[in-house]
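Colleague: just coords:
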């Protein structure tokens, strides 16, 4: 299905040098910020106190979050715990305070506006759990990257595999870098979104690479740059339909999903936009720089095969 068809080839690769320079600068800034300034890690990674409280009647989580911020001066993760009356609150650790002391301060602050609130559970989340989660997340990322390299090398050619990996790492590093620069909370849902972006981005690259291979077969007397431009132009309608639908979903989560899905949806939205950009101007451009040619994707017909085809 196509919404529209573009009959004139758009010269995407004509702008690749400028955009790749911008991407390289953005990548370097993101890496610097991540390692120099770090991320605003949530308590899943840093450790903290997790408290479950029960209100006498239904309450809005956003009101509780604002109350904790004004009374205790900390950013808390607040979400419903089964019902609208039961609330799970996660607080980062404070210097010199135990988990029990923080839970007591929290309950006292909540009871100022809701005297009937009571504590159901209080437990300490240790930082060693966060270290394990970070290690597992990095391991998952490396395994996915290795799988993508193997898959693309088998399906296409090693030049495309390298181009796709660089483009995907570009997306991941810049998404994480934006969270570092903006000091947005980096939590487990955000990590899940980053891994989802990796798979989403490589899917877009595969679509474009497959169309490049198809156009190499059709356009036998055309140079590589023109073939790549033609292939990308042919995917525009599909890109608008697919990514427009996906962005509609992520934006709906961003605007209407509440604070629990805010950063998850934000990471997905940024990642999807970057995935489209990198598949066109990073992955395809790098494949062009590496010298991909028709012979890499279309196997020449051997003489004996030609003789068999001729009656």
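Modeller: Looks like it came in fine. Please read these numbers as outputs of a predicted model, since none were measured by experiment.
Colleague: what comes up buried for stretch 245-265?
Modeller: If you call a residue buried by 16 or more other Cβ atoms under 10 Å, then stretch 245-265 has these buried ones: 246-247, 250, 253-254, 260-265. No exception for glycine: its C-beta is placed from N, CA and C like everyone else's.
Colleague: should've said stretch 51-71
Modeller: Within stretch 51-71, the residues that count as buried by 16+ other Cβ under 10 Å are 51, 53-55, 59, 61, 64-65, 67-68.
Colleague: likewise stretch 201-221?
Modeller: 201-202, 204-216.
Colleague: then stretch 110-121?
Modeller: Along stretch 110-121, these residues count as buried under the neighbour rule (16+ other Cβ under 10 Å): 110, 114, 117, 119.
Colleague: the helix or strand hosting residue 199 - contacts with which helices or strands?
Modeller: Counting by DSSP states H and E, the element that carries residue 199 is helix 188-218. Counting contacts by 3 or more Cβ pairs under 8 Å, 6 or more residues apart in numbering; DSSP states H and E, helix 188-218 is packed against helix 127-155, helix 158-182, helix 224-234, helix 236-256, helix 259-278, helix 284-289, helix 294-297.
Colleague: what about 10 Å?
Modeller: helix 43-46, helix 127-155, helix 158-182, helix 224-234, helix 236-256, helix 259-278, helix 284-289, helix 294-297 (3 or more Cβ pairs under 10 Å, 6 or more residues apart in numbering; DSSP states H and E).
Colleague: name the nearest residue to residue 116, ignoring sequence neighbours.
Modeller: Leaving out its chain neighbours, the residue that sits closest to residue 116 by Cβ to Cβ, 6 or more residues apart in numbering is residue 56, at 3.8 Å.
Colleague: residue 89 and residue 76, how far apart?
Modeller: 5 Å (Cβ to Cβ, to the nearest Å).
Colleague: what is in contact with those two at once?
Modeller: Listed as contacting both residue 89 and residue 76 by Cβ atoms under 10 Å, 6 or more residues apart in numbering are 49, 51, 61, 64-65, 68, 106.
Colleague: so of those residues, which ones are in strands?
Modeller: 49, 51 (DSSP state E).
Colleague: distance to residue 279 and pLDDT for the shared contacts of residue 89 and residue 76 - can I get that in a markdown table?
Modeller: Compiled in a markdown table, the shared contacts of residue 89 and residue 76 are given as follows (distance: Cβ to Cβ, whole Å; pLDDT from 0 to 100):
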| residue | distance to residue 279 | pLDDT |
| --- | --- | --- |
| 49 | 43 | 85 |
| 51 | 44 | 89 |
| 61 | 37 | 84 |
| 64 | 42 | 88 |
| 65 | 37 | 86 |
| 68 | 42 | 87 |
| 106 | 46 | 88 |
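Colleague: need the shared contacts of residue 89 and residue 76 in a markdown table (columns: distance to residue 84).
Modeller: As requested, those are arranged in a markdown table below (distance: Cβ to Cβ, whole Å):
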| residue | distance to residue 84 |
| --- | --- |
| 49 | 23 |
| 51 | 17 |
| 61 | 9 |
| 64 | 12 |
| 65 | 15 |
| 68 | 18 |
| 106 | 19 |
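Colleague: list the contacts for residue 183?
Modeller: Applying Cβ under 10 Å, 6+ apart, the residues contacting residue 183 are 37-40.
Colleague: ok, now how distant is it from residue 33?
Modeller: According to Cβ to Cβ, residue 183 and residue 33 sit 10 Å apart.
Colleague: who touches both of these two?
Modeller: residue 39.
Colleague: ok but residue 87 is inside a strand, no?
Modeller: Yes - using DSSP: H, G, I helix; E, B strand; the rest coil, the secondary structure at residue 87 is a strand.
Colleague: number of nearby residues for it?
Modeller: By the criterion of other Cβ atoms under 10 Å, residue 87 has 24 neighbours.
Colleague: likewise residue 48?
Modeller: Using other Cβ under 10 Å, residue 48 has 24 other residues around it.
Colleague: how about the nearest residue to it, chain neighbours excluded?
Modeller: Using Cβ to Cβ, 6+ apart and skipping residues adjacent in sequence, the residue nearest residue 48 is residue 92, 4.6 Å away.
Colleague: for the one you found, give me its contacts.
Modeller: Counting by Cβ under 10 Å, 6+ apart, residue 92 has contacts 41-43, 46-49, 74-77, 102, 125.
Colleague: that's all I had, so thanks and see you.
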